[in-house]
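# Sequence first, then the predicted structure, then my questions.
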Amino acid sequence: MQTLLSSNDNTVLLSKKMFRSLVLLAMVGFAMIWAIDFYSAIIIRFDAVSYPICIVSLGVIFLLSYKISLNVLQHLGYFIIAGYLISSSIVHHELLPHQELSSAVQWLALNYVMAYLFFSRQRAVLLTIIVFVITMVGHFWVLSRYDSLDETFGMILNMAVAHIIYIILLWGIVSIREKAVYTNTLEQQVQLDPLTQLLNRRGFEKKITHFSQLKQSVSYALLILDVDHFKQINDTYGHLVGDQVLIGLSQKLREELRHNDIIARWGGEEFAVIIFYHSVGQVLKLAQRLRLSVEQMQIDNIAQITVSIGVGFSHEVSHIEQLFELVDTRLYNAKKAGRNCIIS
Ligand SMILES: Nc1nc2c(ncn2[C@@H]2O[C@H](COP(=O)(O)OP(=O)(O)OP(=O)(O)O)[C@@H](O)[C@H]2O)c(=O)[nH]1
């Protein structure tokens, strides 16, 4: 799963642009809380010093993001914010009356969210455990200085349960997402031809079953293209050159066809294409253009590459399976007629 989702343990799908937006958000957040605390006269000296330090540090990280790798900056940003949130909460408790948790506690959960946002799941698990332990030990230390041991244990356990639930939920959400991405990637891979990166037969069948159920009123044409004398190309120039012909042909099809047409490698040297069309003449023109542009293809020293094409239209049949039979017969006839031609 790892190789599909990320190239190494630290890689996360967070772009630099996104990272910069998050840094800006954090700076704005700090500035707002600073202003609120200041105007409501609840600011403590620790925060009065820490807020500007955090804002400036984040500003530096923002600027460095144009120069330094994201991985380093994510760690730096995380340690600044997590370090501030934990120490601020501990200092707030130093100033509070007994048996009370400060409002600074509510921000601590952000440390776990940030870990899963910035880092891979494995790294986030490690960081959340470290942050959890530091948070609990720090708060135990400060609370136990003013409260009895029983009271301190009560408050710490209360906090620990909430934090553990946060951590488990975050881990669960990320695991479910990763699994969904993995399944999706696998599903896409089994529907792709590895050589040409076109849909393979399985992917093509899935796609056309889906669209033929949805769009019964849409007119479409099926083209099957088959490279002429491909065995001879393989035998004369080698299998690798044969592969290059197939890749070249798939690129041609991509270039000539529109985005919503469906292209697939149907078999060895056979390609199937579904074209949504306005007129029969338009499809035949396109087939002709395809045939001619394949004729122009230059691969290795091959004198000429040609294709035979069978064409059929949705209005000729009542079901898509019949269309495949019809086009197959026409392709066979094109081969019999001497190849490098189109039969519709
Ligand atoms: N290089 C390469 N060859 C392949 C691949 N898949 C199938 N082939 C070859 O394609 C050739 C198809 O040969 P045939 O079915 O006899 O068809 P043909 O030689 O093109 O003859 P006509 O279709 O009658 O013009 C076989 O030699 C297969 O080994 C592939 O992925 N790469």
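That came in fine, so what should we check first?

# Was I right to think residue 54 contacts residue 31?
No - with contact defined as CB atoms under 8 Å, residue 54 does not reach residue 31; the gap is 9.7 Å. Where you see a C-beta, it was placed from the backbone N, CA and C, and this is true even at glycine.

# which of these two has more neighbours?
A side-by-side neighbour count of residue 54 and residue 31, using other CB atoms under 10 Å, places residue 54 first with 23 against 14.

# quick one: the more buried one from residue 314, how far?
64 Å (CB to CB, to the nearest Å).

# residues from the stretch 201-344 of the chain in reach of the ligand?
226-232, 234, 239, 242-243, 246, 268-269, 335, 339 (CB under 6 Å from any ligand atom).

# can we see that at 8 Å?
226-235, 239-243, 245-246, 267-269, 308, 335, 339 (CB under 8 Å from any ligand atom).

# Can you check the pLDDT for residue 184?
Per-residue pLDDT puts residue 184 at 88.

# wait, residue 215
pLDDT for residue 215: 58.

# for residue 59, same thing?
Confidence score, pLDDT, at residue 59: 96.

# What is whichever helix or strand residue 157 is part of packed up against?
Element membership for residue 157 (DSSP states H and E) is helix 149-190. Here helix 149-190 touches helix 2-5, helix 109-118, helix 121-144, going by 3 or more CB pairs under 8 Å, 6 or more residues apart in numbering; DSSP states H and E.

# Now do the phi/psi pair for the residue lying farthest from the centre of the chain.
Largest separation from the mean C-alpha position in the chain: residue 148, at 51.3 Å (CA atoms, centre = their mean). Dihedral pair for residue 148: phi -70, psi 160, per degrees, to the nearest 10.

# Please name the nearest non-neighbouring residue to residue 309.
Leaving aside its sequence neighbours, residue 309 sits nearest to residue 342 (CB to CB, 6 or more residues apart in numbering; 4.5 Å).

# And residue 237, by the same measure?
Nearest non-adjacent residue to residue 237 (CB to CB, 6+ apart): residue 300, at 5.6 Å.

# Compute the distance between the one you found and residue 177, please.
Taking CB to CB, one finds residue 300 at 46 Å from residue 177.

# and what of residue 209?
Between residue 209 and residue 177 the distance, using CB to CB, works out to 28 Å.

# Same check on residue 137?
Distance, residue 137 to residue 177, by CB to CB: 31 Å.

# Could you list the low-pLDDT ranges of the stretch 1-150 of the chain?
1-13, 97-99 (pLDDT under 70).

# Let's see that with 90 instead.
For the stretch 1-150 of the chain, applying pLDDT under 90 flags the ranges 1-16, 42, 69-71, 93-106, 145-147.

# same deal with the stretch 201-344 of the chain?
Applying pLDDT under 90 to the stretch 201-344 of the chain flags the ranges 206-219, 258-260, 276-279, 300-301, 303, 318-321.

# What ranges does it have for its strands?
220-227, 262-265, 270-276, 307-313, 342-343 (DSSP state E, counting those that start in this stretch).

# Can I get those strands in CSV including mean neighbour count and distance to residue 133?
Formatted as CSV, the strands of the stretch 201-344 of the chain follow (neighbours: other CB atoms under 10 Å; distance: least, CB to CB, whole Å):
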stretch, mean neighbour count, distance to residue 133
strand 220-227, 24, 62
strand 262-265, 23, 54
strand 270-276, 22, 59
strand 307-313, 25, 67
strand 342-343, 20, 72
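
# Can you add distance to residue 76 and give those strands back as CSV?
Formatted as CSV, the strands of the stretch 201-344 of the chain follow (distance: least, CB to CB, whole Å):
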stretch, distance to residue 76
strand 220-227, 55
strand 262-265, 46
strand 270-276, 51
strand 307-313, 57
strand 342-343, 63
